[in-house]
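[1] Got a sequence here, can you build the structure:
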Amino acid sequence: MNHTYSGETIQFEIKYKNRTSIGIYLDKFGSIEIHAPKGTTDESVIRLLEDKWDVILEKSKEMKDRLNGPQDKVYEHGEPFLYLGNSFPIQVLQNQEITQDHVTFDGQTLHIKVKEHEDKRIQQALKRFYYKQCKALVEKSIAVHQRHFKSKPRSIRITDSQTTWGTCDGRRQLTFNWKLAMAPQDVIDYVVVHEMCHMVHLNHDRSFWRLVGKIVPDYKEKEQWLALSSWKMTV
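    Numbers count the residues shown, from 1 in each chain. Below you'll find the predicted structure:
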């Protein structure tokens, strides 16, 4: 079934079930499925669709984009990059007099100053920015959550890992993935707490998860954000 609204057309399937309310679901491919009580009119379904139109379009597009995988970045004005969970455009300024390529953030735009307007230089400047910001964000989060722990981390490092968001070894040495700077602060906090809990319980036993849940009760939501968003955390 198709419906056009606000200049956009979406395709959806209605399934009538023994339930009391209408539910809108998106599968992993971004396809839209509506579960409605038996006897529900098409008009009622369309009304709910239009009420949720913007959210449905956004979620459907995000799921389809995730299936396609990360797209190659274009290092030109306006290209969006994630920072603290939101997308911000970059603005590139070439200045041969600067001593080092660097990035600054004004709350709305990532300003990148480089000696030469080259993709590799812009990419490396962004990576250095994320490394630096990740270190600061992690250290701040550790300071906030230290009250829950008797032991302190022995060291904190920021790394470029392809498989983990963070680690903690038997010597309480913590490492964190620089891409965490692209995640919302509460997701960063969860990863920090997760690794700090390993200072108490090195494995993922029940005691470990009880401690995590005591400090971050909604930690599963943070894990879900990482699972759904990691594909677009690229530079």
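
[2] residue contacts, residue 193?
    Applying Cβ atoms under 8 Å, 6 or more residues apart in numbering to residue 193 gives the contacts 141, 145, 148, 212, 215, 216, 219. All C-beta spots, glycine's among them, are computed from the backbone N, C-alpha and C.

[3] Out of those residues, which is nearest to residue 1?
    Sorting the contacts of residue 193 by how near they are to residue 1, with Cβ to Cβ, puts residue 219 at the top with 38.4 Å.

[4] Looks like that closest one contacts residue 211 (just checking).
    No. Assessed by Cβ atoms under 8 Å, residue 219 is found out of contact with residue 211, at 10.6 Å.

[5] circling back to that earlier point, list buried residues within the contacts of residue 193.
    141, 145, 212, 215, 216, 219 (16 or more other Cβ atoms under 10 Å).

[6] and the helix or strand containing the second one, which residues are buried?
    With elements delineated by DSSP states H and E, residue 145 resides in helix 119-145, which encompasses its position. Residues of helix 119-145 classed as buried by neighbour count (16+ other Cβ under 10 Å): 121-122, 125-126, 129-131, 133-135, 137-138, 141-142, 145.

[7] can you pull the buried residues of the helix or strand of the chain with the lowest mean pLDDT?
    One helix or strand of the chain scores below all others by mean pLDDT, DSSP states H and E: helix 53-68, with a mean of 77. For helix 53-68, burial by neighbour count (16+ other Cβ under 10 Å) applies to 56, 60, 62, 63, 66.

[8] so who does residue 23 touch?
    By Cβ under 8 Å, 6+ apart, the neighbours of residue 23 are 34, 35, 36.

[9] What is the neighbour count of residue 195?
    Residue 195 is flanked by 22 other residues according to other Cβ atoms under 10 Å.

[10] and it, what helix or strand is that in?
    Per DSSP H and E: residue 195 is located in helix 185-197.

[11] chain center to that helix, what's the gap?
    Put simply, helix 185-197 sits 14 Å off its chain's centre (Cα atoms, centre = their mean, to the nearest Å).

[12] And for stretch 201-217?
    On Cα atoms, centre = their mean, the centre of stretch 201-217 falls 22 Å from the chain's centre.

[13] now swap in stretch 5-22 and tell me
    28 Å.

[14] For residue 37, which non-adjacent residue is spatially closest?
    Spatial nearest neighbour of residue 37, excluding adjacent residues (Cβ to Cβ, 6 or more residues apart in numbering): residue 19 at 5.3 Å.

[15] Also residue 153?
    Per Cβ to Cβ, 6+ apart, closest to residue 153 is residue 174, 4.7 Å.

[16] same check, this time on residue 108
    Distances taken as Cβ to Cβ, 6+ apart place residue 88 nearest to residue 108, at 6.7 Å, with adjacent residues excluded.

[17] Okay, buried residues for the strand or helix carrying the one you found please.
    Per DSSP H and E: residue 88 is located in strand 86-94. Neighbour-count burial for strand 86-94 flags 88, 90, 91, 92 (criterion: 16+ other Cβ under 10 Å).

[18] contacting residues for the last one?
    Okay, so that is residue 92. Going by Cβ under 8 Å, 6+ apart, residue 92 touches 75, 76, 77, 112, 114, 117, 122.
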